[in-house]
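# sequence first, predicted coordinates after that:
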Amino acid sequence: REREREPLRSLNPIPTTVQMVHQLVASHYAPDAVLVWNGNPLNGAEPIANFFGGLPPTKHTIEVLDVQPCPLLGHPMPLPLLVTVKGLVKYGKSPSKSFSQTFMLKPPAPGAGTYVVANDCFRCA
């Protein structure tokens with residue numbers, strides 16, 4: 001007699017993939033980062049991580065992406081980067097909405113290996 005197979009989700013008691021992705025995204029924010037989400041400000045990496053952790057599953061379709069270096073007088077290389085993104089976002093089962101996002105990436109500190117988000121402004125229509 002063949003045993004019934006348990007659904008895969010019952011074998012995996014770790015946080016959902018959505019929660020893990022939101023936490024991973026939030027980990028790329030500087031400790032003193034500022035996020036303005038549809039006009040609502042959040043200050044600091046921990047509040048940003050908590051906010052992202054509470055979002056429903058999302059699907060983004062990026063239509064426009066632009067990255068520009070921001071030369072600052074006397075700033076050593078590497079330079080900060082200004083990133084603008086426009087596209088569509090779908091939250092859970094709701095219809096897609098247009099969004100725009102502009103964020104500033106801070107160069108890595110000496111000895112660190114990656115840029116982090118310093119400021120982020122997200123607007124959904």
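Received the coordinates, thanks.

# from now on I want contacts and neighbour counts done on CA atoms only, so please keep to that.
Will do.

# following the helix or strand Val36 falls within, which helix or strand shows up next?
Assignment of secondary structure by DSSP states H and E places Val36 within strand 29-37. Following strand 29-37 in sequence order, the next helix or strand is strand 40-43 (DSSP H and E).

# what's the following helix or strand after that next one?
helix 45-53.

# quick one: that following helix to strand 29-37, angle?
Relative orientation of helix 45-53 with respect to strand 29-37: 50 degrees, computed using axes from the mean of the first three to the mean of the last three C-alpha atoms, to 10 degrees.

# helix 45-53 packs against which elements?
For helix 45-53, the elements it packs on are helix 17-26, strand 29-37, judged by 3 or more C-alpha pairs under 8 Å, 6 or more residues apart in numbering; DSSP states H and E.

# so Val64 makes contact with Ser98?
No - checked against C-alpha atoms under 8 Å, the pair Val64 and Ser98 is beyond contact range at 11.6 Å.

# just to revisit the earlier point, show residues contacting the strand holding Val36.
Strand 29-37 has contacts (C-alpha atoms under 8 Å, 6 or more residues apart in numbering) with 41-46, 48, 116-123.

# give the buried subset of those as a ChimeraX selection command.
Selecting only the buried entries of the contacts of strand 29-37 in ChimeraX, with 16 or more other C-alpha atoms under 10 Å as the criterion:
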select :42,45,46,48,116,117,118,119,120,121,122
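
# just for the protein, where's the confidence low?
By pLDDT under 70, the low-scoring segments of the chain are 1-23, 73, 75.

# closest to the centroid, which residue in it?
Central residue of the chain (C-alpha atoms, centre = their mean): Val25, 4.3 Å from the mean position.

# who's in contact with that one?
With C-alpha under 8 Å, 6+ apart as the criterion, the residues that contact Val25 are Ala49.
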